[in-house]
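Trainee: Sequence first, then the predicted structure:
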Amino acid sequence: MRVLVTRPETSAATTAERLKRMGHDPVLLPLSEAVHHPQAAADALALPHSALIVTSAEALRALANIGFSSEIDLALFAVGEKTATAAKAAGFRNIHIGSGDGTGLADLIASTLDKPDLPLLYLAGRPRAGSLENRLEELGLPVRVAEIYDMIPLGYPPEEIYERLHTRPPQAVLLYSRENAVRFFEIVERHALSFAETKILCISERTADAVPAAFRAHIRIAESPDENALLALL
């Protein structure tokens, strides 16, 4: 199956290799790229905190060029397995793994920690859903958010979009977030006919909600909000 991958390039390359091993034909169309803010990360880590929270491997990449060796034994809460793997590769040793979404991660933190005297430090990006912070607030857990990277939308010349979507029409497209879905359909608006029979595979209900009505008949939603479950839809 020809599968369109819309993740940022660094992550998309890994997904493409997985798809090849599964016997599929990946077509890459990264819709955003990361801009890191290492000084914001360094400033945040310099302030007292009780534990770290990360909801994307991109947060770990944003830490790569700053010193954080003193943090590696501190409790780190990762939203899911993939983020946890990136944290382990970065050197963290005390890792707690959530079920794949912000609300579930907040509940895990509440069940694992006594109410801390120092705030939790959420190493976050923009844009994001906000469900994690909202749930932590409901639970009465103090959190400080440090925005250490931005995901910047990428644009493509019309001829490049035409080549990728018409020359090799995808049979499935992978959508990883609400923002990812919105951006994708902005780009392909003029190429709707190329997606008349394409499977629209969404990582969550929230992502699926951003799919225009004309494509809703072809939506399939992963059983859990992670890439393993998303690829299982193929």
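Mentor: Sure thing, it's come through.
Trainee: which residues does residue 116 contact?
Mentor: 50-51, 141-142 (Cβ atoms under 8 Å, 6 or more residues apart in numbering). No exception for glycine: its C-beta is placed from N, CA and C like everyone else's.
Trainee: Show the buried residues in the residues you listed.
Mentor: Neighbour-count burial (16 or more other Cβ atoms under 10 Å) applied to the contacts of residue 116 gives 50-51, 141.
Trainee: Out of those, name the ones that lie in strands.
Mentor: Of these, the ones assigned to strands by DSSP state E are residue 51.
Trainee: from the contacts of residue 116, which two are the most distant?
Mentor: Among the contacts of residue 116, the pair separated by the greatest distance (Cβ to Cβ) is 51 and 142, at 10.8 Å.
Trainee: Report the set of residues contacting both of these two.
Mentor: Counting by Cβ under 8 Å, 6+ apart, the residues touching both residue 51 and residue 142 are 116, 120.
Trainee: Start and end of stretch 106-121, how far apart?
Mentor: Start-to-end span of stretch 106-121 (Cα to Cα, to the nearest Å) is 12 Å.
Trainee: returning to that earlier point: ok, so of the contacts of residue 116, who is nearest residue 15?
Mentor: Among those, residue 51 lies closest to residue 15 (Cβ to Cβ), at 29.4 Å.
Trainee: Tell me the spacing between the residue nearest to the closest one when sequence neighbours are not counted and residue 209.
Mentor: Computed as Cβ to Cβ, 6 or more residues apart in numbering, the closest residue to residue 51 that is not its neighbour in sequence is residue 75, at 4.1 Å. Note on residue 75: its distance to residue 209, by Cβ to Cβ, to the nearest Å, is 33 Å.
Trainee: And the two? Which one has more around it.
Mentor: residue 75 (18 against 12; other Cβ atoms under 10 Å).
Trainee: Can you tell me how far the more buried one is from residue 214?
Mentor: In terms of Cβ to Cβ, residue 75 sits 46 Å off from residue 214.
Trainee: now do residue 154
Mentor: Separation of residue 154 from residue 214 (Cβ to Cβ) stands at 24 Å.
Trainee: Which positions within stretch 6-26 qualify as buried?
Mentor: Buried, per 16+ other Cβ under 10 Å, within stretch 6-26: 6-8, 11-12, 15-16, 19, 24, 26.
Trainee: typed the wrong thing, it's stretch 96-115
Mentor: Quick answer for stretch 96-115 (16+ other Cβ under 10 Å): 96-98, 100-110.
Trainee: Would you reformat those residues as TSV and include secondary structure?
Mentor: Listed next are those as TSV, based on DSSP: H, G, I helix; E, B strand; the rest coil:
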residue	secondary structure
96	strand
97	strand
98	coil
100	coil
101	coil
102	helix
103	helix
104	helix
105	helix
106	helix
107	helix
108	helix
109	helix
110	helix
